[in-house]
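Peer 1: Here is the input, now give the coordinates:
(one chain, ligands or ions: 1)
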Amino acid sequence: MKYIKFILIIFVSLIFISCNNSKTSTDTNINANEGAFIDSPVKGLRYTTDKLSGYTDDQGKFLYMTGETVSFFLGDLKLGEAIGQKIITPLTLNKEYNLNNIGIKATNIARILQTLDNDPLNGAKLVINSELRNLKISGLDLKSEADINTIITKAQDLTNVNYILVNSTMAQNEMKNYLEKHYINLTRCVSCHGQNFEKKALQQSLVVKDMTKEAVTKALLGYKYGPQSIMKSQISFYTDEALKNSGLGTD
Ligand code: HEC
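Peer 2: Okay, here's the model as predicted:
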């Protein structure tokens, strides 16, 4: 009987050890966070972090470990980088927040992505053709109109598609429309509310992370439609949909 117990213990231990072993190879992915690259969601953009790499999926999703910087590439041209977060946009890559005043580099990234979209009729997402993974365009300047044209010409050589470069106003409007409808830019909030909404903003507000979702939505809509206030100027340009989907507060 003792022997049987002994053998059982060894057997069970072995099972545990082998389970643990098989886990370690996928540990990185298990602990990874999901973010999305959005102009509209962009599919087929290469990304790298210290530990992870891949191509964004049809919802623009990429993976990163907490605290990692994520770099995005078109072919071998680096579009930019940002600390890993839920939503990264051409603005985030340039440390910009204001959708009403988009800088030239962020605008040009949007123009390129919208121009190279495989399926221009599907406004819901931008698809970068997988043939463009081999695009050799490093060393070009995303602020230069001539270089933007070079990128489009080289892309054309690879895919044989006749691209028509989207102009700045159109590109900005398309990006703005999508982002305003769908997302609040939470990086605008941290200076007052703290990185995780754990502070009382300007010693005045409630701690937002402890509020319910319902209370947060009610507060945000209240500010938008209420009298002039600090918060109104922060959020009045967002759609109701974006305010309802802030992702803030507890269930
Ligand atoms: C300049 C500082 C500042 C910034 C930036 C800011 N807030 Fe606020 N926020 C405040 C203050 C002050 C209050 C409390 C004001 C009040 O109740 O009238 C507040 C209140 C709130 C509340 C309601 C909490 C309560 O006390 O009822 C929410 C939710 C909120 N903010 C979310 C946000 C979000 C989301 C952003 C970013 C888009 C943001 N805030 C940006 C200062 C700021």
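
Peer 1: can we go C-alpha only for contacts and neighbour counts from here?
Peer 2: Noted.

Peer 1: what residue ranges in the stretch 101-250 of the chain score low on pLDDT?
Peer 2: Applying pLDDT under 70 to the stretch 101-250 of the chain flags residues 123.

Peer 1: Would you state the helices of it in chain order?
Peer 2: Ranges of helices within the stretch 101-250 of the chain are 104-116, 145-159, 168-182, 190-193, 213-225, 230-235, 240-244, based on DSSP state H, counting those that start in this stretch.

Peer 1: Adding mean neighbour count, write these out as TSV.
Peer 2: What follows is those, written out as TSV (neighbours: other Cα atoms under 10 Å):
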stretch	mean neighbour count
helix 104-116	23
helix 145-159	16
helix 168-182	18
helix 190-193	16
helix 213-225	17
helix 230-235	14
helix 240-244	19
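
Peer 1: Distance to residue 127 added to those, as a markdown table?
Peer 2: Converted to a markdown table, those look like this (distance: least, Cα to Cα, whole Å):
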| stretch | distance to residue 127 |
| --- | --- |
| helix 104-116 | 8 |
| helix 145-159 | 13 |
| helix 168-182 | 15 |
| helix 190-193 | 32 |
| helix 213-225 | 33 |
| helix 230-235 | 30 |
| helix 240-244 | 24 |
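
Peer 1: Leaving out chain neighbours, which residue sits closest to the residue of the stretch 1-150 of the chain at minimum distance from the ligand?
Peer 2: Proximity of the stretch 1-150 of the chain to the ligand (Cα to the nearest ligand atom) peaks at residue 97, 10.3 Å away. Spatial nearest neighbour of residue 97, chain neighbours left out: residue 91 (6.3 Å); criterion: Cα to Cα, 6 or more residues apart in numbering.

Peer 1: and if you look at residue 65?
Peer 2: Nearest to residue 65 is residue 32, by Cα to Cα, 6+ apart, at 4.8 Å.

Peer 1: Quickly note the distance from the one you found to residue 66.
Peer 2: Note on residue 32: its distance to residue 66, by Cα to Cα, to the nearest Å, is 7 Å.

Peer 1: where do the strands sit along the stretch 1-150 of the chain?
Peer 2: Listed in chain order, the strands of the stretch 1-150 of the chain (DSSP state E, counting those that start in this stretch) span 33-37, 42-43, 46-48, 53-55, 61-64, 69-74, 77-83, 87-88, 126-127.

Peer 1: Out of these, which is closest to residue 179?
Peer 2: Evaluated over the strands of the stretch 1-150 of the chain, closeness to residue 179 peaks at strand 87-88, with 9.9 Å, by Cα to Cα.

Peer 1: partner strands of that closest one, parallel or antiparallel?
Peer 2: When pairing is defined by DSSP bridges, strand 87-88 lines up against strand 33-37 (parallel).

Peer 1: Which residues does the partner strand contact?
Peer 2: Contacts to strand 33-37, defined as Cα atoms under 8 Å, 6 or more residues apart in numbering, come from residues 56, 59-66, 84-89.

Peer 1: Quick one, which of these are buried?
Peer 2: Among the contacts of strand 33-37, those classed as buried by neighbour count (16 or more other Cα atoms under 10 Å) are 56, 59-65, 84-85, 87-89.

Peer 1: would a markdown table of those with pLDDT and distance to the ligand be doable?
Peer 2: Output for the buried ones among the contacts of strand 33-37, formatted as a markdown table (pLDDT from 0 to 100; distance: Cα to the nearest ligand atom, whole Å):
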| residue | pLDDT | distance to the ligand |
| --- | --- | --- |
| 56 | 97 | 26 |
| 59 | 93 | 23 |
| 60 | 96 | 22 |
| 61 | 97 | 22 |
| 62 | 98 | 23 |
| 63 | 98 | 24 |
| 64 | 97 | 23 |
| 65 | 97 | 24 |
| 84 | 96 | 18 |
| 85 | 90 | 15 |
| 87 | 90 | 14 |
| 88 | 95 | 15 |
| 89 | 96 | 16 |
